[in-house]
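A.B. asks: sequence unknown, structure follows:
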């Protein structure tokens, strides 16, 4: 069983531009159909702050900043 004080924790990275633009699934004219999310791990002690990485967003169809969100 895993301890609650593990060094490596699982985090979720979410596209900041999709969230900022307010994704609307019902709008047919808009290209965006959802929010891009990635699941990864980080070291709790080496990076205590929220993680931000440039990842590819298939909905924006470009590389954007993906920020860490709460589970």
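C.D. replies: Looks like it arrived, so ask away. Predicted model, so just to flag it, every value in this text is computed and none were measured. Numbering: from 1, shown residues only.
A.B. asks: got a list of contacts for the least confident helix or strand in the chain by mean pLDDT?
C.D. replies: Each helix and strand of the chain was given a mean pLDDT (mean pLDDT, DSSP states H and E); the minimum falls on helix 16-21 at a mean of 80. Here helix 16-21 makes contact (CB atoms under 8 Å, 6 or more residues apart in numbering) with 32, 34-36, 57, 59-60, 64-67. Every residue, glycine included, has its C-beta placed from N, CA and C.
A.B. asks: Using ChimeraX, define a selection of the buried residues within these.
C.D. replies: Command for ChimeraX, covering only those of the contacts of helix 16-21 found buried under the criterion 16 or more other CB atoms under 10 Å:
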select :32,35,36,57,59,60,64,66
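A.B. asks: ok, the contacts of helix 16-21 vs residue 47, which is closest?
C.D. replies: residue 67 (13.0 Å; CB to CB).
A.B. asks: partners of that closest one in the sheet?
C.D. replies: Beta bridges link residue 67 to residue 14, residue 52, judged by DSSP bridges.
A.B. asks: and residue 51, how many neighbours?
C.D. replies: Residue 51 has 12 neighbours, counted by other CB atoms under 10 Å.
A.B. asks: before we move on, the earlier item: kindly reformat the contacts of helix 16-21 as TSV containing pLDDT, secondary structure and distance to residue 18.
C.D. replies: Output for the contacts of helix 16-21, formatted as TSV (pLDDT from 0 to 100; DSSP: H, G, I helix; E, B strand; the rest coil; distance: CB to CB, whole Å):
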residue	pLDDT	secondary structure	distance to residue 18
32	46	coil	6
34	71	coil	7
35	84	coil	5
36	86	coil	6
57	92	strand	6
59	87	coil	6
60	87	coil	6
64	93	strand	8
65	93	strand	11
66	93	strand	10
67	93	strand	11
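A.B. asks: In JSON lines: the contacts of helix 16-21, plus distance to residue 14.
C.D. replies: Shown next, in JSON lines, are those (distance: CB to CB, whole Å):
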{"residue": "32", "distance to residue 14": "13"}
{"residue": "34", "distance to residue 14": "11"}
{"residue": "35", "distance to residue 14": "6"}
{"residue": "36", "distance to residue 14": "7"}
{"residue": "57", "distance to residue 14": "10"}
{"residue": "59", "distance to residue 14": "11"}
{"residue": "60", "distance to residue 14": "12"}
{"residue": "64", "distance to residue 14": "10"}
{"residue": "65", "distance to residue 14": "10"}
{"residue": "66", "distance to residue 14": "6"}
{"residue": "67", "distance to residue 14": "6"}
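A.B. asks: Fine by me, thanks again.
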